[in-house]
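Novice: Here is the input, now give the coordinates:
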Amino acid sequence: MKNDVRPGMRIKVSQTIDRRAGSWTTELIGIVLSVEPQPTGAWFAHGKDDKYWLVRIQIQKDDGEISLLILDQHTRITVLEH
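Specialist: Numbering: from 1, shown residues only. Okay, the predicted model is just below:
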């Protein structure tokens, strides 16, 4: 699903963080501004160019706020509008 998300789409992103005290889930709705893999500063990762690459999605919420999210195995994306 993450590969199908493109700029201009209206989506809902649900992310869950597993914690010792129980899971924490958050949701965000907005328009996709960009989706791209970007490197972290993790020098120990031994990935491409000795960086650890993460897929990041930039979303503009209805109130104009821009959020940058890192997509992982706990991320669920629902396309609301194309």
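
Novice: average pLDDT across the longest strand along the chain?
Specialist: Assignment by DSSP state E gives strand 24-39 as the longest strand of the chain. For strand 24-39, mean pLDDT rounds to 92.

Novice: Need the CA coordinates for it. CSV is fine.
Specialist: Output in CSV follows, covering the C-alpha atoms of strand 24-39 (Å, rounded to 0.1, in the frame of the first residue of the first chain):
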residue,chain,number,x,y,z
TRP,A,24,-0.5,3.5,21.7
THR,A,25,-2.3,4.3,18.4
THR,A,26,-2.5,7.6,16.7
GLU,A,27,-4.3,8.7,13.4
LEU,A,28,-3.6,11.6,11.1
ILE,A,29,-5.6,12.7,8.0
GLY,A,30,-4.4,15.0,5.3
ILE,A,31,-3.0,15.5,1.8
VAL,A,32,0.2,13.8,0.8
LEU,A,33,2.9,16.3,-0.1
SER,A,34,5.7,13.7,-0.7
VAL,A,35,6.7,10.1,-0.1
GLU,A,36,10.4,9.2,-0.4
PRO,A,37,13.1,7.1,1.2
GLN,A,38,15.6,9.3,3.1
PRO,A,39,18.8,8.3,4.9
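
Novice: Give the buried residues for that strand.
Specialist: Gly30, Ile31, Val32, Val35 (16 or more other Cβ atoms under 10 Å). From N, CA and C alone the C-beta is placed, and that goes for glycine too.

Novice: Also stretch 70-82?
Specialist: So, applying 16+ other Cβ under 10 Å, buried residues of stretch 70-82: Leu71, Thr75, Ile77.

Novice: Just the pLDDT for Asp4.
Specialist: On the pLDDT scale, Asp4 gets 87.

Novice: Which residues does Ile66 form beta bridges with?
Specialist: Gln60 (DSSP bridges).

Novice: about what we covered before: sort out which one of the buried residues of strand 24-39 lies nearest Ser14 for me.
Specialist: Closest to Ser14 out of the buried residues of strand 24-39 is Gly30 (12.9 Å), distances taken as Cβ to Cβ.

Novice: The closest one pairs with what?
Specialist: For Gly30, the beta-bridge partners are Ile11, Lys61 (DSSP bridges).

Novice: one step back: which strands and helices lie in contact with the longest strand of the chain?
Specialist: strand 10-17, strand 53-61, strand 66-70 (3 or more Cβ pairs under 8 Å, 6 or more residues apart in numbering; DSSP states H and E).
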